[in-house]
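>>> Need the 3D shape of this:
(2 chains)
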Amino acid sequence: MDSLIEWAVSIFVIIGGVFALVGSIGLTRLPDFYTRLHGPTKATTLGVGGAIMGSLIYFSWQEHALQLHEVLITLFLFITAPVSAHMLAKAAMHRDLKRMRETRGEPWKQ
Amino acid sequence: MKTFMDRVLPFPSLSLILWLAWLLLNGFSAGHALLGAVLAVVLPLTTRPFWPNVPRVRNLPRMFSFVVVVLYDIVVANVSVAIKVLGPLKSLRPGFVEFPLELDDDFAIALLASTISLTPGTVSADVSLDRTTLLIHALDVDDPAALVAEIKQRYERPLKEIFEC
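Numbering: from 1, shown residues only, chains lettered A, B, ... in the order given. I've put the predicted structure just below:
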């Protein structure tokens, strides 16, 4: 049983770590501001989600009781992350930042 | 004439969420249950003027299936975007896509915009002042019309059914 829990925790923590890493790689690799916005949205969903699942299983097992307060982190992130991404995108359009040459469609000015 | 509910619990679901959050953060005990209950009543009352008209959830089972669909999509989209980010960037075709809104409630539109931003690969960038169009930035979009159709079918229609607006 112990090793099964350890496996589950390890797998979730590794998944979380990999997605947080890919989010950061996206942040450095992607060419313009708008595409770079997509990096953090990944890190906050699966990256944090994986770490939280690992923590939830580990502490529930250690304390012999279901520990759910990690779930609140996900809840707060899900509420706040889209708002900050939206404000960043709005600010970028307002300042008329450069975008990839291949970008189709036009940003708005309002 | 205001009813008792209006005066003490204007937002029952908000109060319930606050109470559960308090208990989750502080641990379950009788003292915290009482303190949390007091806060769950006082906080919505004192912040009432800041809340816009939040529509009622009319279809609870639909809301749960919506949450499941969104969580599933987040996982699937995460993997596909991760592959795109690590792959050759030259083949990316980012684009701004205009999404015609059918929802006409501010809160429902905000939920739709948040859902679009949470599912990787799309970020909602702006909403028109008359609330009829949402501007979405997509990381890699083949066919903007297909993206709009997918968002309509997967997210907007359920939200319309949940809030009946």
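>>> pLDDT averaged over whichever strand or helix holds A:Glu6 - what is it?
In the assignment (DSSP states H and E), A:Glu6 maps to helix A:2-29. The average pLDDT within helix A:2-29 is 90.
>>> For chain B, which segments count as strands?
B:95-100, B:122-127, B:133-138 (DSSP state E).
>>> counting contacts, what elements does the worst-scoring helix or strand of chain B on mean pLDDT pack onto?
One helix or strand of chain B scores below all others by mean pLDDT, DSSP states H and E: helix B:4-8, with a mean of 72. Contacts defined by 3 or more Cβ pairs under 8 Å, 6 or more residues apart in numbering or on different chains; DSSP states H and E place helix B:4-8 against no helix or strand at all. C-betas here are computed from N, CA, C, even on glycine.
>>> Roughly how far does B:Ile83 sit from A:His38?
13 Å (Cβ to Cβ, to the nearest Å).
>>> B:Leu159 now?
Noted for B:Leu159: a distance of 23 Å to A:His38, by Cβ to Cβ.
>>> Over to B:Leu39?
The value you get for B:Leu39 to A:His38, if Cβ to Cβ is used, is 37 Å.
>>> So between the two, which is more surrounded?
A direct count of neighbours by other Cβ atoms under 10 Å in any protein chain shown for B:Leu39 and A:His38 places A:His38 higher, at 26 against 15.
>>> okay if I get the strands of chain B as a markdown table plus distance to B:Ser114 and mean pLDDT?
Shown next, in a markdown table, are the strands of chain B (distance: least, Cβ to Cβ, whole Å; pLDDT from 0 to 100):
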| stretch | distance to B:Ser114 | mean pLDDT |
| --- | --- | --- |
| strand B:95-100 | 14 | 88 |
| strand B:122-127 | 8 | 87 |
| strand B:133-138 | 11 | 89 |
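>>> okay, those in JSON lines with distance to B:Val148 and mean neighbour count next?
Shown next, in JSON lines, are those (distance: least, Cβ to Cβ, whole Å; neighbours: other Cβ atoms under 10 Å in any protein chain shown):
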{"stretch": "strand B:95-100", "distance to B:Val148": "5", "mean neighbour count": "19"}
{"stretch": "strand B:122-127", "distance to B:Val148": "11", "mean neighbour count": "24"}
{"stretch": "strand B:133-138", "distance to B:Val148": "8", "mean neighbour count": "23"}
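>>> Just send these back as CSV, with distance to chain A too.
Below are the strands of chain B laid out as CSV (distance: least, Cβ to the nearest Cβ, whole Å):
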stretch, distance to chain A
strand B:95-100, 3
strand B:122-127, 4
strand B:133-138, 5
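>>> To A:Ser10, which of these lies closest?
Of all these, strand B:122-127 sits nearest to A:Ser10, with 31.4 Å by Cβ to Cβ.
>>> Thanks a lot, see you next time.
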